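K.L.:
Mind looking at a prediction? Sequence and model below.
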Amino acid sequence: MIKLFKEYPILSICVFSLIMLLPNLNVIDVSIMEARNFITAREMVQDGNWLLTTINGEPRYQKPPLPTWLTAFSGMLFGLKSIYALRLPAILFVVLIGVFIFKISKITTDDISLSSRNAFIALTSFYIIGITIEAPWDIFTHGFMCVAIYHLILVFNKEKNYWKHTLLAGIFIGFSILCKGPISIYALLLPFLIAYGFTFKYKHVRAKAFSFVSILILALIIGGWWYLYVRFQDPETFNAITERETSNWSSYNVRPFYYYWSFFVQSGLWTIPAFISLLYPYLKSRVSYLKVYQFSLLWTLFAVVLLSIIPEKKSRYLMPVLIPLAINIGFYIDYLIKYFKTMTNKKETIPVYFNFGLIACLGLVFPILGYVFLKDNISSHLLIFILASMTLLIIGVSIIFSLKKGNMVRVFNLTVLFFAAVIITALPLTRGLISDSYNPISNLKADMEKQGIPIYAERYVSPEMLWYYGGKIPFISFDEGVESLPKVSKFGILTKNTLEENTLNSLEVTYNIEKITTYNLNRVSEDSNQYKDRLLNVYYIFERK
């Protein structure tokens, strides 16, 4: 099997990714960003809102529709209620990024082993996986841009027969724009172009000028037509949303310039190698492909600097930085593989022992930590807990023995396997962490439809609650008086909090009000830092007297 993977590296990348990510695709609850996107996909299919996209029946033009189309198509094939189906396209784009990191590395180094490791580093970098849940549309825009960058490199390198790559570069840049506007152009493509110009220089620019112009025009046509369509079809709403989104860049989540300086931590298991890979004075005489190392280093640093200039900052915006950073880390790992056995300088060996020894220790202590966190729920997850504990324990012990022998190829492979094992065996254990107050809303829609009772919401329901409810919920406000409430004799209403006594007294003149239950999507207890008030709604039945 190992020999097969070495002979077919792209196959190995695809198989590894799918085995790691597919089995537990529906384990984690839907996040707020996912909920918004999944609701939009659902309303595309159910209401036909394929171009003028909506959420809960209201216009939602903040995000272009290409990822939503892909998600909606997957939902049509495998079920709109299936979280597995709706997450599948994003996972396939993780695979795509892994494949094209390999391809970009290979055409710049012509080293298959190094390029394969770069891909596996990316696939086991914490936030490249995490972004598929926290902000799933980012993986699409950066995935398409990775494909475009690969073809751009071929346009730069080839002296003839580069028109196919010209067309593909333009098409995929356009697709990237149609996923999340110019985000990936700024965060991934622009730093790539600057870094490439510094290291490899641009050759035959005049001869290829028409090719470059063609890429730009094609990208703008493919990426921009939807914006023009919505601008002319619903100009008032489009302008209002555009103005609000633009103002957020300078007034929302404003952070200092240095906020992103710990960006290498987002690589997770590779944090220490990532930091060392950025130390150019140390590595410049040790790497095998100095020019390409300079390129990946500059690409990484320019991306961080450009993102730092923007006042609005969020951790998830760093995800594209992890793409060139994975290549950069690969050069340091390649150096360790070749020379670690002969290293005598403790300044070089201690960080290696610390990083991979820490990963090994996590495997060794997992059975204890897992038992402590699961507590009384361990009996219902006993088999998977035993499997996870044994797997991670064995990998941890193996890493220690491999470190002792100085076998860095084996250490690297075991580290990749450790990350996959956590996703496959340990992730399902999070289902055992459920507080007593957890009360999903999934059955409310079906129950009320059977009784013929319409449902409304007072001012606000979180996107997660709307998603799990399974349909639209019209909004009403008590501030507008009893006359503004539904005219039906009986209806249900979701409120953000328990109704205050004054509000109840004024409403009970007209209605008999019964508090039915409190829906709570928080799996953690109220004293946890992860507890979110927005995941809670109180449900009442109103009946006219």
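P.N.:
That came through, no problem. Residues are numbered from 1 along each chain as shown.
K.L.:
List the buried residues for stretch 403-419?
P.N.:
Burial within stretch 403-419, assessed by neighbour count using 16 or more other Cβ atoms under 10 Å, is assigned to 403, 406-408, 410-419. Heads up, the C-betas are built off the backbone N, CA and C, glycines and all.
K.L.:
Buried residues, the one helix or strand residue 84 maps to. List them.
P.N.:
Residue 84 belongs to helix 83-109 when assigned by DSSP states H and E. By 16+ other Cβ under 10 Å, the buried positions in helix 83-109 come out as 83-106, 108-109.
K.L.:
Secondary structure element for the residue most central in space within the chain, which one?
P.N.:
Computing the C-alpha centroid of the chain and ranking residues by Cα atoms, centre = their mean puts residue 131 first, at 1.5 Å. Of the helices and strands defined by DSSP H and E, residue 131 is found in helix 126-134.
K.L.:
Centre of the chain to whatever helix or strand comes next after that helix, how far?
P.N.:
Read in the C-terminal direction, the helix or strand following helix 126-134 is helix 136-157, with elements assigned using DSSP H and E. Taking Cα atoms, centre = their mean, to the nearest Å, one finds helix 136-157 lying 17 Å from the centre of the chain it belongs to.
K.L.:
next one: stretch 266-280
P.N.:
When distances are taken as Cα atoms, centre = their mean, stretch 266-280 is centred 20 Å away from the chain's centroid.
K.L.:
burial measure for residue 133, as a count.
P.N.:
Here the count is done by other Cβ atoms under 10 Å, and residue 133 has 16 residues near it.
K.L.:
Mind giving me the packing neighbours of the helix holding residue 131?
P.N.:
Judged by 3 or more Cβ pairs under 8 Å, 6 or more residues apart in numbering; DSSP states H and E, the packing partners of helix 126-134 are helix 83-109, helix 136-157, helix 322-339.
K.L.:
quick one: average confidence on stretch 492-500?
P.N.:
Per-residue pLDDT values across stretch 492-500 average out to 90.
K.L.:
List the contacts of that stretch.
P.N.:
444, 448, 453-461, 465, 473, 476, 507, 513, 515-516, 518-519, 536-542 (Cβ atoms under 8 Å, 6 or more residues apart in numbering).
K.L.:
try stretch 274-289
P.N.:
108-109, 111, 114, 264, 267, 290, 293-294, 297, 300-301, 325, 328-329, 331-332, 334-335, 338-339, 351.
K.L.:
same deal with stretch 367-377?
P.N.:
Outside stretch 367-377, the residues that touch it by Cβ under 8 Å, 6+ apart are 378, 381, 385, 388-389, 393, 426, 429, 432-434.
K.L.:
Tell me which residues of it come out buried.
P.N.:
367, 370, 374.
K.L.:
Which ones among those lie within strands?
P.N.:
Using DSSP state E, no member of these falls in strands.
K.L.:
Which of those residues fall in helices?
P.N.:
Under the assignment DSSP state H, the buried residues of stretch 367-377 contribute 367, 370, 374 to helices.
K.L.:
Show the buried residues in the contacts of stretch 492-500.
P.N.:
In the contacts of stretch 492-500, burial by neighbour count holds for 444, 448, 453, 455-458, 461, 465, 473, 476, 507, 519, 536-542, counting by 16+ other Cβ under 10 Å.
K.L.:
before we move on, the earlier item: please flag which of the buried residues of stretch 403-419 sit within helices.
P.N.:
The members of the buried residues of stretch 403-419 that map onto helices under DSSP H are 403, 408, 410-419.
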